[in-house]
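Enquirer: Can you look at this prediction? I've put the sequence above it.
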Amino acid sequence: MNPAIAARPVWPTSRTLRVGSVSYLNAKPLIHGLENDPNVDLQLAVPAKLLDGLRSRQFDVALLPVIDYQRLRDARIVPSGGIGCDGPTLTVRIFSRSPIETITALACDVESHTSVALARIVLAERFGIWPRFVDLPEPAATDAMLLIGDKVVSHAPVGMEHQLDLGAAWKELTGKPFVFAVWIARFGTDLADLPDRLRQARDRGLADLPNIVARHAVPRGWPADLAMKYLSVYLKFEIGPAQLDAIRLFHDLASKYGIIESPRPLDLY
C-alpha cells in the first residue's frame, strides 16, 4: 500500500458516524479501511434494505441505489464516491433463452432498485417492449432474468445465450456514463468530517486493489485477473458533473415510464 495513504490523518469527531453499505465486491474500494476506523460504525446490507435503514436513521449515510434518491424526499447526495460505469458493467446483465426483443416476462434480482428501473428503461427505449417484471424465482423456472452483483460471475446461468449488459446498453442509448449507487444522507444530518473520510476510503481502496481482489474477489469465485479488470476498468467510483448529469437523465426517464413521480432536483451535501 502507498505509505502516504497508510499514514493518513485521523480527524477528531464527537460521535460515531454510522455508514451503511452493500457487501458486494463493487463497493469494497469505497469502504476500504472503514471497518478499522474507530469513529465509523460500518454496517453491510443488500441495496434494497439500505433505504429503510436511512429512513429510520439507523445510518447517517448509506450507499443507496440512485433511484432511491427520489423515494426519500429529504435525501441529499454526498458526492464522495459512488458505483458507476462508462460502458459495460459486467455484473448488471439480462440473460435470456430467446432474443432480448422477444422477452415477455423478466424475473428480476430484487436486490437493486436501480438495476430493475434501468432494465425497464432500456427495454422500452431500445427494444420497444414492456415485459412483465416479477421477482426472481429459481433460475430453472424462468426464460429471462436480470442478475446483478457477484453472482453474475460466480453463478451465471447456463443455457441462456442471449445477454444484455445494461451499462453498455445505457451508454449506446445516451452517450453518458451511468451511476448505480451513491452515498446519500438525510437533510439536516450533520456528517461532520464523514465526507472526507469517505473520499479517503475510496482513494485507499483504489490504491490497494490487488489486496481487495485477493481478500474479497477470489474467495467469491472470481478469477483474479477478471476481478482486477472489473474494479480498475469497468467500474468508475467518481461522482462529478458528468455523473450527476447522467443521474438527472436517468431520473427523467424513470419518471417517463412511471417508475417514479416527477423527479425533484439533485440536492448535494
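Expert: Done, it's in. Values in this document were obtained by computation on a predicted structure and should not be read as measured data.
Enquirer: hey, let's count contacts and neighbours off CA atoms from now on
Expert: Fine.
Enquirer: pLDDT value on residue 137, please?
Expert: Looking at residue 137, its pLDDT reads 69.
Enquirer: What ranges does the stretch 101-250 of the chain have for its strands?
Expert: Shown for the stretch 101-250 of the chain, the strands assigned by DSSP state E, counting those that start in this stretch span residues 105-108, 132-135, 144-148, 162-165, 178-186, 235-236.
Enquirer: Adding distance to residue 116 and mean neighbour count as columns, could you present the ones you listed in TSV?
Expert: Output for the strands of the stretch 101-250 of the chain, formatted as TSV (distance: least, C-alpha to C-alpha, whole Å; neighbours: other C-alpha atoms under 10 Å):
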stretch	distance to residue 116	mean neighbour count
strand 105-108	7	21
strand 132-135	9	14
strand 144-148	8	25
strand 162-165	13	17
strand 178-186	11	27
strand 235-236	19	22
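Enquirer: Make JSON lines out of these and add distance to residue 202.
Expert: Formatted as JSON lines, the strands of the stretch 101-250 of the chain follow (distance: least, C-alpha to C-alpha, whole Å):
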{"stretch": "strand 105-108", "distance to residue 202": "29"}
{"stretch": "strand 132-135", "distance to residue 202": "33"}
{"stretch": "strand 144-148", "distance to residue 202": "22"}
{"stretch": "strand 162-165", "distance to residue 202": "25"}
{"stretch": "strand 178-186", "distance to residue 202": "12"}
{"stretch": "strand 235-236", "distance to residue 202": "11"}
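Enquirer: For residue 247, which of those is the nearest?
Expert: With C-alpha to C-alpha as the criterion, residue 247 lies closest to strand 178-186 of the strands of the stretch 101-250 of the chain, at 6.5 Å.
Enquirer: which neighbours does the closest one have in its sheet, and in what orientation?
Expert: Counting by DSSP bridges, the strands paired with strand 178-186 are strand 61-65 (antiparallel), strand 75-85 (antiparallel).
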